[in-house]
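K.L.:
Build the 3D model from these lines:
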Amino acid sequence: MLRDGFNHGFDDDAWEAAKDEARQIMYAVAKRRRTIAYSDLVSQIASVRMEAHDVRLAHFLGEIATEDDDNGLGLTTVVVVHKQGDQQPGPGFFEMAESQGRNVSDPVACWVRELDAVYGHWA
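P.N.:
Reported below is the predicted structural model:
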């Protein structure tokens, strides 16, 4: 299926079901004021199979974040982070955040602000 010029290769119903699964996981993580690694998130999604470094995952999370933000929930994918290293979201998160009007000039400050906002929403 072609979305925003990107063919993710999954049936639309499966793609939407996977987004619903991911949302439930991320909302539960946010309620606990935690983060979740990309690999841990994808391992819990049954509707589609992706790996943590799958290019389709960036599009997947981008759709969720944009839809959730447009619906007043904030950038909920802010809770999805690298398992190793900086333990922060990847560059795709910050590109999406900027496209949603966020100031990303200081990526760490942006991440902390968005994380606090999402935690606050789900508290």
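
K.L.:
Can you pull out the low-pLDDT segments for the protein?
P.N.:
1-7 (pLDDT under 70).

K.L.:
ok, the residue sitting nearest the centre point of the chain - contacts?
P.N.:
Centroid-nearest residue in the chain, with Cα atoms, centre = their mean: residue 77, separated by 2.7 Å. Contacts of residue 77 were listed using Cβ atoms under 8 Å, 6 or more residues apart in numbering, and they are 26, 61-62, 64-65, 68, 89, 93, 96. Backbone N, C-alpha and C define where each C-beta goes, glycine included.

K.L.:
ok, it to residue 47 distance?
P.N.:
As judged by Cβ to Cβ, to the nearest Å, residue 77 and residue 47 stand 17 Å apart.

K.L.:
just to revisit the earlier point, in a strand, that's where the residue nearest to the centre of the chain is, yeah?
P.N.:
No: under DSSP: H, G, I helix; E, B strand; the rest coil, residue 77 falls outside any strand and is assigned helix.

K.L.:
chain center to the longest helix seen in the chain: distance?
P.N.:
Of all the segments assigned as helix in the chain under DSSP state H, the longest by residue count is helix 12-31. Distance of helix 12-31 from the chain centroid (Cα atoms, centre = their mean, to the nearest Å) equals 9 Å.

K.L.:
Stretch 56-67 too?
P.N.:
On Cα atoms, centre = their mean, the centre of stretch 56-67 falls 6 Å from that of its chain.

K.L.:
Could you pull out the buried residues of it?
P.N.:
For stretch 56-67, the neighbour count (16 or more other Cβ atoms under 10 Å) marks 56-66 as buried.

K.L.:
Just the strands from this structure, written as ranges.
P.N.:
Secondary structure of the chain (DSSP state E): strands at 2-3, 6-7, 36-37, 80-81.
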